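> fold the following, please.
(chains A, B, C and D)
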Number of protein chains: 4
Amino acid sequence: MTVLVVRGDREFLVEPGEDFGTDLGVLDVPEDVEPGDTITTHLDEPFEVRRLRSPDLFHHMERTGAPMMPRDIGLLVGHVGVQSGDRVLDAGTGTGVLSAYLGRMGAEVTTFERKAEFAEVARENMELAGVADRVDVNSGDVLDAIDERDDFGEFDLLTLDTQDAPDVVERAPDLLADGGFVAVYSPFVENTREVVEAARETGLSNVESQETIQREMDFDDRGSRPSTRGVGHTGYLTFARNV
Amino acid sequence: MTVLVVRGDREFLVEPGEDFGTDLGVLDVPEDVEPGDTITTHLDEPFEVRRLRSPDLFHHMERTGAPMMPRDIGLLVGHVGVQSGDRVLDAGTGTGVLSAYLGRMGAEVTTFERKAEFAEVARENMELAGVADRVDVNSGDVLDAIDERDDFGEFDLLTLDTQDAPDVVERAPDLLADGGFVAVYSPFVENTREVVEAARETGLSNVESQETIQREMDFDDRGSRPSTRGVGHTGYLTFARNV
Amino acid sequence: MTVLVVRGDREFLVEPGEDFGTDLGVLDVPEDVEPGDTITTHLDEPFEVRRLRSPDLFHHMERTGAPMMPRDIGLLVGHVGVQSGDRVLDAGTGTGVLSAYLGRMGAEVTTFERKAEFAEVARENMELAGVADRVDVNSGDVLDAIDERDDFGEFDLLTLDTQDAPDVVERAPDLLADGGFVAVYSPFVENTREVVEAARETGLSNVESQETIQREMDFDDRGSRPSTRGVGHTGYLTFARNV
Amino acid sequence: MTVLVVRGDREFLVEPGEDFGTDLGVLDVPEDVEPGDTITTHLDEPFEVRRLRSPDLFHHMERTGAPMMPRDIGLLVGHVGVQSGDRVLDAGTGTGVLSAYLGRMGAEVTTFERKAEFAEVARENMELAGVADRVDVNSGDVLDAIDERDDFGEFDLLTLDTQDAPDVVERAPDLLADGGFVAVYSPFVENTREVVEAARETGLSNVESQETIQREMDFDDRGSRPSTRGVGHTGYLTFARNV
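Okay, here's the model as predicted:
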């Protein structure tokens, strides 16, 4: 199991048994290293050992594009109520952050990534996240797979972060269990509108598209206020339910 | 296992084996009823049987106050990266919606509710949610329990929706595993500021307080725009990490 | 000069010399009535006399549709820096609220309203606002007028709240003084995009489209927070400058 | 009258009759220079002559601190409905941007700035804005002036951007005409709350405090969306009316 070794701003992913070189000396990581341990370099500099949580994965996974932000993952997860044992069909794996979060919540994820080299990186990221057994990263187009495979069965969730999301949404009633949700992330108004229209036309219910603005609050000696920095748009989240 | 029987806008929670009276006749719910089944009343009116998902629980749980909204649950879950097996200490159970969502994501939750009658309702809600084995609803004050019990062990998450959250935050470093998060929901600026100050003083890191504005998008024949209805403030979410 | 007579929630527009019946008796309004006076009904019930301000006009003008909100008028006025003596060409008069506000800031406004009966109401509203000498309400299409009239001269501002705003924006370089602004109010993303594209294509500068979310703050005994009611979308404001 | 001479990104303030050196040669500005003229340097490089509008003043005034933004000026102006002839009492002159905008809308402004050297700069800014005859910049504390002067008369508006705004708000009923408004700009929640409480206690009506979030829209080949940059908090605007 990969762990984090941390000291102040220094954060490194290390494997049990590994020799890892830092600017404070070499860490000889024990085979039986455990979160909570303190290990020291050959120069006697201590590092704390920490278990990787999902936000750590978000920062340490190798990226193959702009990943979905934890904020949007959270909004998605809250709206559909992800639960352990959910069967999820995902398209547009990318870095795999959403798949990793879902897998860690106990979902079984079948995800499709068109670019073979991105799918390969995503597979490594699932290893790092400890969810390789729950997240099946496929290289290819989800629409082809839907047409070709007859072993898909019913899914509880369909999560989409791809250009052709409207085409997949049209298939949602055949893919989703009764009560299942489709959730689509799309950056532009035009994409979002197409998704909404596809969801309405295919007879899904509770079609709803949301935009979210999040601001940090600043609390200092002068007083309390929303940050003067502002937080920009990420994307729209559209939801529909097979009921 | 409680299931939903649904027909259009009619949604009822029923138990296997139960006789359930509706305005369309009596449903004789089979003992072996399964999600996906269609069952009919004695007047031959069909209802669909559906598995309860977390959003259904949100709507059907008995409420003992204003529950945390799925949006805020999602933002919390996304920020801290809830994962199966997480040990969570929660205070301010209320209706138990947050506990139910967390339990369904595979977390083990120990939650405290001051009012005994609310705790009792929350326990029933955990039964309904199918997480009674994962969510331990305690009647009492979490601060007393922290002082008295020495079997708590380390938690991955501390989630608070109580007036005295700042006092609990002060104890966070003793309660949280290295890398664990505290998350506090508070409706007013003043409460939020106190939480932030407690988190800073007790030496937690990555202290961050967020406000979120969510708007539905309207897509109709005239065009696309944010809803003219507007969505109001719910509360601030403050996070800090034990690192 | 029309004045307001006010008592608690009762607010009436009255003319000097008028006999005005209220539920508290008849007001015999003196010919020389002045803001600041107190006048009494024949039942000896007092009313305060108040000068009409623009927000009072907003509430008391006869409406022929949804008028532009003071918030959006303000954002427009702030962005272009309306000043006394500005020559304004306005299309989509409607109720005439924008024209009245601009006229009261000392601008000379030529405004076009397609529906003759709406233009007639707007003219009466300009009388009420005391700006009939500064706001020229025309019944007809602004594009026809642009084509037909050669006495328009240069305008400092072009303000548009019409469906065909993109067509008018195309003519802006011929209509505006150097440094002059065009400002367009449009409710939907699609309209707004067309306006932006027209402004870019016609060679205007500083093209900028804004969306504004406004929330009231609640301050009560429990604390301070943004209102739980929320304020919805009104419209987009697009600006461009002839430089 | 100061005018702008402009060429692409080059913008200079020049006086009639002035010799002005640029990197493209010396401009010999004619005594009878007029907006709309083109004048050339001794190297025959042309510059356009433009009349200064308020947004130009915002960019070219000498600053003595962070001035109120045009957005907030606009929201203030829209809410209270500034009109030609309004008598305004202003405190916290600063750079004088609000006073200049108000003066240009035809208001008569009496403004107070505590720091003598800032007041001096503001006076020069009023000259530049062409409103020196309408904006009377006083060096000193507005509360002292209220106590000492008995020639103030009634104001239509009271505009405040100072730390001691709550103390001035307490005096508002004595300073404002019936129907007049007080408007306060304050950056923090705590200040804003104090202003609201003072307004309520002193018996003003329609007390309302607003927060405004503004976002630019991006329209490009990929689609339409709110900007990913985000626009931060500036301040709260609180309004109350003397009715």
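> so what's A:E216 up against?
Counting by C-beta atoms under 8 Å, 6 or more residues apart in numbering or on different chains, A:E216 makes contact with A:P226, A:S227, A:R229, A:V231, B:E208, B:S209, B:Q210, B:E211. No exception for glycine: its C-beta is placed from N, CA and C like everyone else's.
> the third one: neighbour count?
Neighbour count of A:R229, defined by other C-beta atoms under 10 Å in any protein chain shown: 14.
> about what we covered before: among the contacts of A:E216, name the least confidently predicted one.
Minimum pLDDT for the contacts of A:E216 is recorded at A:V231 (68).
> how about the residues of chain A by chain D?
Proximity of chain A to chain D, by C-beta under 8 Å from any C-beta of the partner chain, involves residues A:187-191, A:211, A:213, A:215, A:222-234.
> filter these down to the buried ones.
Among the residues of chain A next to chain D, those classed as buried by neighbour count (16 or more other C-beta atoms under 10 Å in any protein chain shown) are A:187-191, A:211, A:213, A:215, A:223-227, A:230-234.
> turn the contacts of A:E216 into TSV, including distance to C:L160 and secondary structure.
As requested, these are exported to TSV (distance: C-beta to C-beta, whole Å; DSSP: H, G, I helix; E, B strand; the rest coil):
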residue	distance to C:L160	secondary structure
A:P226	32	strand
A:S227	34	coil
A:R229	33	coil
A:V231	32	coil
B:E208	43	strand
B:S209	41	strand
B:Q210	38	strand
B:E211	35	strand
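> name the nearest residue to the residue most central in space within chain A, ignoring sequence neighbours.
Nearest to the geometric centre of chain A sits A:L98, at 1.6 Å (C-alpha atoms, centre = their mean). Spatial nearest neighbour of A:L98, excluding adjacent residues (C-beta to C-beta, 6 or more residues apart in numbering or on different chains): A:M68 at 5.1 Å.
> got the contact list for that neighbour?
A:G94, A:V97, A:L98, A:D161, A:Y185, A:G235.
> returning to what we had before: out of the contacts of A:E216, the closest to A:L102 would be?
Closest approach to A:L102 among the contacts of A:E216 (C-beta to C-beta): B:Q210, at 22.4 Å.
> can you tell me how far the residue nearest to A:D56 when sequence neighbours are not counted is from chain D?
With sequence-adjacent residues excluded and distances taken as C-beta to C-beta, 6+ apart, A:D56 is closest to A:L4, at 6.0 Å. Per C-beta to the nearest C-beta, to the nearest Å, A:L4 is found 30 Å from chain D.
> hang on, the earlier thing: of the buried ones among the residues of chain A next to chain D, list those near chain B.
By C-beta under 8 Å from any C-beta, the members of those lying near chain B are A:V189, A:E211, A:I213, A:R215, A:S224, A:P226.
> where does A:V97 fall, phi/psi-wise?
Dihedral angles of A:V97 (phi, psi; degrees, to the nearest 10) stand at phi -60, psi -50.
> that one contacts A:R71, doesn't it?
No. Using C-beta atoms under 8 Å, A:V97 is not in contact with A:R71; the gap is 11.7 Å.
> neighbour-wise, which of those two wins?
The neighbour comparison of A:V97 against A:R71 (other C-beta under 10 Å) goes to A:V97, with 23 against 18.
> got a pLDDT number for that one?
We have a pLDDT of 97 for A:V97.
> any regions of chain A where pLDDT drops low?
A:230-231 (pLDDT under 70).
> OK, now which residue of it is nearest to chain C?
A:V189 (5.0 Å; C-beta to the nearest C-beta).
> ok, the closest residue to A:T228 other than its chain neighbours - contacts?
Using C-beta to C-beta, 6+ apart and skipping residues adjacent in sequence, the residue nearest A:T228 is D:G232, 4.0 Å away. By C-beta under 8 Å, 6+ apart, the contact list for D:G232 reads A:R215, A:P226, A:S227, A:T228, A:R229, A:G230.
> now do A:F155
Counted by C-beta under 8 Å, 6+ apart, A:F155 has contacts A:R87, A:V88, A:L89, A:L175, A:L176, A:A177, A:G180.
> mind checking which of those are in helices?
A:L175 (DSSP state H).
> so which of the contacts of A:F155 is the closest to A:A199?
Using C-beta to C-beta, A:L176 comes nearest to A:A199 of the contacts of A:F155, at 11.5 Å.
> so what's the closest one up against?
Contacts for A:L176 (C-beta under 8 Å, 6+ apart) come out as A:E154, A:F155, A:D156, A:L157, A:L158, A:V182, A:N242.
> buried subset of the residues you listed, written for ChimeraX?
What follows is the ChimeraX syntax for the buried subset of the contacts of A:L176, where burial is set by 16+ other C-beta under 10 Å:
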select /A:155,156,157,158,182,242
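> okay, the contacts of A:L176 in a markdown table with secondary structure next?
Below are these laid out as a markdown table (DSSP: H, G, I helix; E, B strand; the rest coil):
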| residue | secondary structure |
| --- | --- |
| A:E154 | coil |
| A:F155 | strand |
| A:D156 | strand |
| A:L157 | strand |
| A:L158 | strand |
| A:V182 | strand |
| A:N242 | coil |
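> wouldn't A:G65 be in contact with A:G94 here?
Yes. Contact criterion C-beta under 8 Å: A:G65 and A:G94 qualify, at 5.0 Å.
> between those two, what contacts are shared?
In contact with both A:G65 and A:G94: A:F118, using C-beta under 8 Å, 6+ apart.
> more neighbours, the two?
Using other C-beta under 10 Å as the criterion, A:G65 and A:G94 rank with A:G94 on top: 24 against 11.
> and the closest residue to A:F112 other than its chain neighbours, how many neighbours does it have?
Leaving aside its sequence neighbours, A:F112 sits nearest to A:V142 (C-beta to C-beta, 6+ apart; 4.0 Å). A:V142: 27 surrounding residues under other C-beta under 10 Å.
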